[in-house]
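# dropping a prediction and its sequence here:
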Amino acid sequence: MRMLFASAPPNPAFDPVLVHEPVMLRRGNVADYPGWLSLREESRAHLTEWEESWTAEQATLSAFKRRLRSYERDARRGGGLSLLAFRLSDNALMGGATLTNIRYGASRSGIIGYWIGAPYTRQGYGGAAVAAMKTHAFERLGLNRLVAACQPENIASQKLLERSGFAREGLARDYLKINGGWRDHYIYALTAADYQTSAQTPS
């Protein structure tokens, strides 16, 4: 068990700027708060179908700053990466992507997550963000396995993951508390071997 919680590799790339047309991802800062708040509020009805409910206090500037500090701590210890997603053409904030619960040693795995604001859904931005994160995870962080979860009702997310090379591995019952209730989730995974095979396959 000790190997699963080994130290992060030296000089991990946990402050990246990732580009995958038409999306750029980077760590957030305090100046992003107004755009983040506007997008989250505009997307509240859309996002609360698939996310943990959030309160008015969780959307304040002080809460945003606390969240940034938490992300920074995770990045420093090599345990997580949380990035905001921007449209390359005009730098519009569109959503975010995360790589959390990173394990090294014998596991070398992480959980990938993503969200896209309501005005930007179904336009390929989520897929581009996932593509950027999986490339970084396998090629820069040296992970062997990425896991993602989505609710059975979230057909769009299932299609995104499958287009991104993830395979459905099963159903986790009452996996996450979403919008006030415990929800089943499909579990998807992508391995480094899968990634390498897809990268070598002509498009």
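Noted; the coordinates are in hand. Residues are numbered from 1 along each chain as shown.
# okay, the helix-or-strand element of the chain with minimal mean pLDDT in PDB with CA atoms only?
In the chain, the helix or strand scored least confidently by mean pLDDT, DSSP states H and E is helix 44-47, which has a mean of 88. Coordinates of each C-alpha in helix 44-47 appear next as PDB, following Å, rounded to 0.1, in the frame of the first residue of the first chain:
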ATOM      1  CA  ARG A  44     -26.700  27.200 -13.000                       C
ATOM      2  CA  ALA A  45     -29.700  25.300 -14.300                       C
ATOM      3  CA  HIS A  46     -27.500  23.300 -16.700                       C
ATOM      4  CA  LEU A  47     -24.700  22.500 -14.300                       C
END
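# report the buried residues of that helix.
Leu47 (16 or more other C-beta atoms under 10 Å). The C-beta positions use only the backbone N, C-alpha and C, and glycine is treated the same way.
# Ala63 - how many residues pack around it?
Close neighbours of Ala63, defined as other C-beta atoms under 10 Å, add up to 15.
# er, Arg69 I mean
If we define neighbours as other C-beta under 10 Å, then Arg69 has 10 of them.
# and it, backbone torsions?
phi -60, psi -40 (degrees, to the nearest 10).
# first-to-last residue distance for stretch 48-65?
Using C-alpha to C-alpha, to the nearest Å, the gap from the first to the last residue of stretch 48-65 comes to 22 Å.
# can we start the residue count at 710 from this point?
All right, first residue 710 from here; so that's stretch 757-774.
# residues in contact with that stretch?
Identification of contacts with stretch 757-774 by C-beta atoms under 8 Å, 6 or more residues apart in numbering yields 739, 742, 745-746, 749-750, 824, 859-860, 862-863, 866, 885-889.
# for Trp824, which non-adjacent residue is spatially closest?
By the measure of C-beta to C-beta, 6 or more residues apart in numbering, the closest residue to Trp824 outside its immediate chain neighbours is Gly804, 4.9 Å from it.
# measure that neighbour to Glu751 for me?
Note on Gly804: its distance to Glu751, by C-beta to C-beta, to the nearest Å, is 12 Å.
# again, but for Gly879
Taking C-beta to C-beta as the measure, Gly879 falls 34 Å from Glu751.
# between the two, which has more neighbouring residues?
Glu751 (13 against 9).
# for that one, which non-adjacent residue is spatially closest?
Residue nearest to Glu751 in three dimensions, not counting chain neighbours: Ala827, with 6.1 Å by C-beta to C-beta, 6+ apart.
# any idea how far the one you found is from Glu750?
Ala827 is 10 Å from Glu750, by C-beta to C-beta.
# hang on, the earlier thing: that's a strand at the residue nearest to Trp824, yeah?
Yes - under DSSP: H, G, I helix; E, B strand; the rest coil, Gly804 sits within a strand.
# my read: it touches Gly835, true?
Yes - assessed by C-beta atoms under 8 Å, Gly804 is found in contact with Gly835 at 7.1 Å.
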